[in-house]
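1. Sharing a sequence plus its predicted fold:
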Amino acid sequence: MYQQRKMTLRLSNGMCFHGESFGYEDSTAGEVVFNTAMSGYPESLTDPSYAGQMLVLTYPLIGNYGVPAFTIEDNGLATFMESGKIHVKALIASSYSGNYNHWNAVESLSDWLKREHIPAITGVDTRELTKILREQGVMTGKLLLDDDTEEIQDAQYENVNFVEQVSCREVIRYNEGARRKVVLLDCGVKHNIIRNLIQRDIEVVRVPWDYDFNSLQFDGLFLSNGPGDPNTCMKAVNNIRTFLAQQKIRPLMGICMGNQLLAKAAGADVYKLKYGHRSHNQPVRMEGTNRCFITSQNHGYAVNPDSLPADWKPYFTNMNDNSNEGIRHISRPWFSAQFHPEAASGPTDTEFLFDDFVSLL
Amino acid sequence: MKLNNLKKVLVLGSGALKIGEAGEFDYSGSQALKALREEGIETVLINPNIATVQTSEGVADHIYFLPVEASFVEKVICKERPDGILLSFGGQTALNCGVELYRKGVFEKYGVEVLGTPVQAIIDTEDRELFVDRLSEIDVKTISSEACNNIEQAKDAAQRLGYPVILRAAYALGGLGSGFCDNEQELLQLAEKAFSFSPQVLVEKSLRGWKEIEYEVVRDRYDNCITVCNMENFDPLGIHTGESIVIAPSQTLTNSEYHKLRELAIKIIRHIGIVGECNVQYALDPNSEDYRVIEVNARLSRSSALASKATGYPLAFVAAKLGLGYGLFELTNSITKSTSAFFEPALDYVVCKMPRWDLGKFRGVDHQLGSSMKSVGEVMAIGRTFEEALQKSLRMIGQGMHGFTDNKDIHIDDIEQALKAPTDKRIFIIAKALKTGYSIDKIHQLTKIDLWFLQRLENIYLTDQALSKVDSLNHLSSDLLLQAKRQGFSDFQIARALSMGKKYSMDKAVLLVRARRKQLGIVPFIKQIDTLAAEYPAQTNYLYLTYNAINSDIQPAHDQKTIVVLGSGAYRIGSSVEFDWCGVQALQTIRQNGYHGVMINYNPETVSTDYDMCDRLYFDELTFERVMDIMEAEQPKGVIISTGGQIPNNLAVKLDEQNIPILGTTARSIDNAEDRDKFSAMLDRIGVDQPEWNALTSLDDIHRFVEKVGFPVLVRPSYVLSGAAMNVCSTEAELEHFLRLAAEVSKEHPVVVSKFMVNTKEVEMDAVADKGEIIAYAISEHVEFAGVHSGDATIMFPAQKLYVETVRRIKKISGQIARELNISGPFNIQYLARDNEIKVIECNLRASRSFPFVSKVLKINLIDIATRIMLGLPVQKPHKSLFDFEYVGVKASQFSFNRLQNTDPVLGVDMSSTGEVGCIGADAQSALLKAMLSVGMRVPQKSVLLSAGDPKDKASILEPARLLQKKGFEIYATKGTSAFLSTYKIPNTRVYMNDEEGEPKVLQMLHKKQIDLVVSVPKVVDTENIDNGYKVRRAAVDLNIPLITNSRLASAFINAFCSISVDDLDILSWEELK
């Protein structure tokens, strides 16, 4: 068993979970959310959608296969990760493996977390913790070193614009000169979205979340995933609204936060889920069909499908709780998914949505 | 939506349990039948395995105890005229039978629709060449393999591919006839065997050392697919997955590897066109993402049963519904009852499957593990660390091990060699290697087991080292104790690591550790398996215990309404599906009478571990420690220990000492029956005869005893099941040798030596008593004489050839014993009967192996009556006389010698059968013939080999030989037998062994398949297997030629097939037998 400094996770409802530190030795605070995926911690940790959150992994054995090299390809994308750094505030696990083994690993999860200054706790009954979050809803919490008496500030998650924190600062171009040009609105984009577009011979113009892309020349618009509350991103919503109102109809696809921003631009409401969807096993059904897909998800907010205007329809619906999983325009080439067709991590069943989008360009 | 033309559906079962095809198919078949019934579809089931749950009342509408064989199935189809048939729930047996029926056009002829996966898809996955072609159509990589139709082709293929190669027989279950060949000589040997099982043999390049990964995949007719579970083998490729420790979910795969293989699995299932369930097995390079598909099983399998239990996703049930035409999206998750069945379970625990071998029971068997399966059962352990799950599983296999460490020392001459060439002891050899100072890197080099697994094992080892440095329980820190418990250490292991055995008895030491632990607040918690890792609340109570927790998911109500039933654990030789049936029946009676039924069991192949069968299922250990943990949480009204075989029975006294309310017969009575010393004294007291016996206290006493009674003698220790360490000794040397072995088995109880009786009938009494009074009973008779273990014997019920006086005496003695032990519940007494002389040989105050058989033939559920008695409910004596029967039941044993290389396939006092069937016929002969055909016997076409060693055996095959001659069979006989037959003017052809001058050579004839049936009877007491008889028997087994080794059974079988033709056997369902 891994022997380290003792740590405590204190939830905002006062409940405490004790364990040992296996990451960077510091205290931190954030919104506590759980993910039920059984693999893919390097991808999850670097997913910008987790900004501001402390991630609870319900799968108990973590760190088994170590961490691959954090190398960057010539095009600026990470080889194995989903962004340039770890975005979670802290990692909460039941049983950290200590040692690891994999041909592609270069360091342990613990060493990586330490290198990136991310605290982590192991020895937590993450099932019990998850049940509390399920029953009482997500809440903030603090992860404290037991022998460090210094009090830290409570985390602020509500009404914070996390997108601003994780979006690129300037325009970045990928695969220049390709067949078609797509503007990618970066709300905290996962690299695998960019990889998927590049693979389909697309030039990607990645722009900051609040960038007025309508001034650019492009063939299609892509709205990325991102962290937090879409209501804090009204600048982006307005730019999308302008795009939708333009005479020249160009294809649009959105993912996750992109789904919510598109819905808002269309005039629908977005609300916060009690404990969100974070897993690799969310079933969705394509509306009006018998086609069902297993999807990877990571979101705390959802679109209220009843608030969609008449020219928009739900595209996908969650088969467990009937929440909205995507919308589409009844006649124009605009659609979005609440789940992650780019996977990484998670199942790849819905990657065909990229093909659909590209074929519309 | 459901196809609406279906009114009646036929389900094929898998027949007797055998190595490679065991209880998992009772589970999958039962699930399928449940799914059909739920739809209001009339069900027909063909399965001769009478001890299964699926062949019970209320599970299927029409049950046929007939061989799962094309001609019989066609007759049932002709009679029942079902609209549809399910082929994929009865293992390879049902699948092969289905393919044959399809090819013969039987389905077309009778308009029977094959539900679920189309037969062509099955053929595509079963025929290796077709399979490779189909997968290469979608650019999926398979192991480069060449299909060969004769030995010459196999040799050439191996040369092209380069050694080492692996050989597989096509269409064979569990890797039968498969193996690795390092050179041409090994290839030639194996190829001959493989061709005897299959017309086609595949030669493949070996990928030894690659990871082995499996996915369970489901597809509906709308093309929606899910992968329910993936599993990783602890042992790398090269060891059959049935022989391997298996972990779910995979532990060493990255997201990219996991989903690459998942995506491929879905691509494959779509391309092949499965509707229902299949599994895809991969080899994965440990140094890259390169992979190969090993095989696809287009049916429910051992792995799918394991995956169902590992995840809570009822694969067989869902597959059956999909076969009826449903889409996955139309079904709900049966655990949450609110979410969709179209999802992939998320686990928040880890499961470890451990195979159970019984190789110690077979003389001369090869212990090395390879690409062919030898294990007879398996267990599944659930934990929240790998260490916890693994150590639990090692206790569950029930071979006297306490976990990874703190076991009795095993002696290994060459650890390095033992690591390289794995045997059934592999995991303990790794423990030994760590203790001897091997690094995990070195162990990895030798075993190719992934370092991550070895690191976990080292963790356990290091914790054990830390424990052993602590000098007393009081000095054991709470942190270290908790760490040990979280790694799955039992109180016993901790006590032993602390050397507490020096000061206390181990029983006492264990209780001290338990008390200390509870004082420090270190207790296990109850967690639910909910398929969604707590994302949604679970509506079922599928539970396990863990120390890696701070709170329990459930709090059982202490309302005096709970009855706990202890299950039977791993299937092993001597204890299998029959006790699962007993446990399930007990649960049903408990629940029907307004109580909550709780089951504790850990065998993934069972129906009792289906969470629908009880109110709470603890999928956990049946050790004293864990049962006590559950008792403390449940505080039940009572516990039933008499329906789960010997494992719960052995806990009786210890649980009683802790004031656990045991229902039915008291622990004291159980001890009085189990302890041979006490039992024999009791028989003497009440004047019941028994074979002369003596309890071993000194060797001198024994010798004096043997001098008095004379050889042969039977040596056995207390508390044995299936004859472990029980042996017949005919010489001084043998006696001393076996006494040493017996002493190793049980130190606390004396060893009993008794006079061994030859040429004596064995009779069984299965009964239920209430406060000492027999309420219901069944008397059955062995076909073989005493000396063949009752688990191997062929049994007739009602007994056909007993004197009325014998029956009367047996009833009287049984009544006396029941009164004396004040039995309340099920019990079984075994008797010897010669003339009218009756002797008691054994008494078990629990349900016996034959309870389901006699219950079903009687049509009186003895377990239901027993359970009612134990619950204190009123019961009535059934009014049924043995003479009311217009039919006879025969139970025959299934042997799996073909998988146990080199072992001599003879029967003795030690049990060796892996399963059984029970068939019912209008008379003894037709019942026997059905039963024998059900265990793989074939009626010979024209030639029979007779060979009997003992004069008595020779005499007893005389009449059958005459019959054979009259029927025009060609009789071949070995030297002595030939001379004997000739004396009696029975024409025969003498055959010669290789070391004898003359032609024809018997082994050559066998190889050329010139003999259809081999009767080879060794001398009653024959401990040496180097004789010629062994060579003949072994050749028969290896070449898949029917073999009988007992003269009484041979005689009965020959009589049967000479008097009735197979075509004339009645095709009657169970309910038609009145």
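-> Done, it's in.
2. Spatially nearest residue to the residue in chain A that chain B sits nearest to (excluding sequence neighbours)?
-> Closest residue of chain A to chain B, CB to the nearest CB: A:G40 (3.4 Å). Using the backbone N, CA and C atoms, a C-beta is placed for each residue, glycine as well. With CB to CB, 6 or more residues apart in numbering or on different chains as the criterion, A:G40 has its nearest non-adjacent residue at 2.5 Å, and that residue is A:S345.
3. Next up, phi/psi of the residue of chain A closest to chain B, please.
-> A:G40 adopts backbone torsions of phi 100, psi 30, taken as degrees, to the nearest 10.
4. wait, what's in contact with it?
-> Each residue near A:G40 by CB atoms under 8 Å, 6 or more residues apart in numbering or on different chains is listed here: A:280, A:344-346, B:254-255, B:258.
5. Including secondary structure, could the residues you listed go into TSV?
-> Output for those, formatted as TSV (DSSP: H, G, I helix; E, B strand; the rest coil):
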residue	secondary structure
A:H280	strand
A:A344	coil
A:S345	coil
A:G346	coil
B:T254	coil
B:N255	helix
B:Y258	helix
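6. hang on, B:S790 packs against B:H782?
-> Yes - when contacts are counted by CB atoms under 8 Å, B:S790 is listed as touching B:H782 (6.9 Å).
7. what touches both of these two?
-> Taking CB under 8 Å, 6+ apart as the contact rule, B:S790 and B:H782 both touch B:762, B:764.
8. re earlier: now do the contacts for the residue nearest to A:G40.
-> A:37, A:39-40, A:43-44, A:280, A:296, B:255, B:259.
9. Report the two of those separated the most.
-> Greatest spatial distance in the contacts of A:S345: A:S44 and B:H259, 13.6 Å, computed using CB to CB.
10. Look at those two and report which has more neighbours.
-> Shown here are A:S44 and B:H259; by other CB atoms under 10 Å in any protein chain shown, A:S44 has more neighbours (27 against 23).
11. in chain B, what residue is nearest chain A?
-> In chain B, the residue that lies nearest chain A is B:N255 (3.4 Å; CB to the nearest CB).
12. And for that residue, nearest residue in space, chain neighbours not counted?
-> Using CB to CB, 6+ apart, the nearest residue to B:N255 is A:G40, at 3.4 Å.
13. can you pull the contacts of B:A70?
-> The neighbourhood of B:A70, defined by CB under 8 Å, 6+ apart, consists of B:97, B:100-101, B:104, B:106.
14. Filter those down to the buried ones.
-> Buried subset of these (neighbour count, 16 or more other CB atoms under 10 Å in any protein chain shown): B:97, B:101, B:106.
15. Let me know the closest of these to B:I526.
-> Lowest distance from B:I526 to the buried ones among the contacts of B:A70 (CB to CB) belongs to B:C97, with 43.0 Å.
16. Now do the SS call for the closest one.
-> Here B:C97 is recorded as helix under three-state DSSP.
17. Pretty sure B:V68 is one of the things it touches, is it not?
-> Yes - using CB under 8 Å, B:C97 makes contact with B:V68 at a distance of 5.4 Å.
18. Quickly list what's touching both of these two.
-> Contacts common to B:C97 and B:V68, judged by CB under 8 Å, 6+ apart, are B:12, B:90.
19. And the average pLDDT for the helix or strand containing A:F354 is what?
-> Per DSSP states H and E: A:F354 is located in helix A:352-360. What helix A:352-360 shows for mean pLDDT is 98.
20. same question, stretch A:205-223
-> Average pLDDT, stretch A:205-223: 97.
21. what's the span of that stretch from first residue to last?
-> Stretch A:205-223 has an end-to-end distance of 12 Å (CA to CA, to the nearest Å).
22. repeat for stretch A:305-322
-> 10 Å.
23. May I see the buried residues of that stretch?
-> So, applying 16+ other CB under 10 Å, buried residues of stretch A:305-322: A:305, A:307-308, A:312, A:314-320.
24. Check stretch B:221-228 too.
-> For stretch B:221-228, a neighbour-count test (16+ other CB under 10 Å) marks B:221-222, B:224-228 as buried.
25. Out of these, flag the one nearest to B:G91.
-> Comparing the buried residues of stretch B:221-228 against B:G91 with CB to CB places B:V228 closest, at 18.9 Å.
26. what sits against the closest one?
-> B:216-218, B:307-308, B:311, B:313, B:315, B:344-345.
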